[in-house]
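>>> sequence below, structure please.
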Amino acid sequence: MRNDEILNLTEQLLKEEEDFLIPILKLHKLILEEKENLTLELDEFMKLISADERFYLLDSQSTQEPWEEDDDETMESLGFYKGPRIILKERMPSKDEMEQAVKEKMQQILHDMKKAYKVSEGSMEDSEEEEFLKILAKAKDLSCKIEDLNQEK
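Sure thing, here's the model as predicted:
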């Protein structure tokens with residue numbers, strides 16, 4: 001597959017994604033799934049998209065996620081990826097779209113955390129449960145702060 005074909009496929013996949021900010025790792029996997037016989041190293045893919053004006057790369061703080069490297073595959077199967085993100089420039093969000101996306105993500109995080117707590121209730125050690133509840137409280141606090149910011153405007 002030629003570079004221009006890879007870049008066009010990248011653009012197509014980014015247009016089809018619900019979110020506008022996509023982890024590079026996720027996009028790389030989508031391309032490899034789409035073109036089964038393609039051999040495309042992640043570094044090569046990143047160089048390719050970095051040089052194309054249709055895309056904007058955003059270095060991510062998510063390279064320091066709170067899970068061990070051995071758990072990357074499991075976390076990715078759940079939709080959590082480390083590393084840089086990519087945006088199709090033509091899908092660059094407005095301020096309002098970005099605020100809405102942050103609000104929705106925060107609500108999803110709270111929902112998922114509550115669900116995880118219910119699933120693991122009784123199976124966590126006291127110290128783990130205490131730590132989990134602290135994290136949940138911080139997430140709720142952050143959600144309230146986001147709501148406050150949205151109401152101030």
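
>>> CA atoms for contacts and neighbours, from now on please.
Noted.

>>> got the domain boundaries for this structure?
3-92, 96-152 (automatic domain parsing).

>>> now these as a markdown table including mean neighbour count?
Shown next, in a markdown table, are these (neighbours: other C-alpha atoms under 10 Å):
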| stretch | mean neighbour count |
| --- | --- |
| domain 3-92 | 14 |
| domain 96-152 | 13 |
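
>>> lowest-confidence stretch among these?
When these are compared on mean pLDDT, domain 96-152 scores lowest, with a mean of 82.

>>> from the chain's centre, how far out does that one sit?
16 Å (C-alpha atoms, centre = their mean, to the nearest Å).

>>> measure it end to end?
End-to-end span of domain 96-152 (C-alpha to C-alpha, to the nearest Å): 13 Å.

>>> also stretch 81-100?
21 Å.

>>> and it, how far out from the chain's middle?
10 Å.

>>> which strands or helices does the helix or strand harbouring residue 96 pack on?
Using DSSP states H and E, residue 96 sits within helix 95-120. Using 3 or more C-alpha pairs under 8 Å, 6 or more residues apart in numbering; DSSP states H and E as the contact test, the elements touching helix 95-120 are helix 126-152.

>>> repeat that with 6 Å
Using 3 or more C-alpha pairs under 6 Å, 6 or more residues apart in numbering; DSSP states H and E as the contact criterion, no helix or strand is in contact with helix 95-120.

>>> and the angle from that helix to helix 126-152?
160 degrees (axes from the mean of the first three to the mean of the last three C-alpha atoms, to 10 degrees).

>>> contacting residues for residue 13?
Counting by C-alpha atoms under 6 Å, 6 or more residues apart in numbering, residue 13 makes contact with nothing.

>>> for it, give its distance to residue 111.
27 Å.

>>> kindly report the same for residue 70.
For residue 70, the distance to residue 111 - C-alpha to C-alpha - is 25 Å.

>>> which residues sit in contact with residue 84?
Counting by C-alpha under 6 Å, 6+ apart, residue 84 has contacts 23-24, 58-60.

>>> now these in JSON lines, with distance to residue 17?
As requested, these are exported to JSON lines (distance: C-alpha to C-alpha, whole Å):
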{"residue": "23", "distance to residue 17": "11"}
{"residue": "24", "distance to residue 17": "13"}
{"residue": "58", "distance to residue 17": "17"}
{"residue": "59", "distance to residue 17": "19"}
{"residue": "60", "distance to residue 17": "19"}
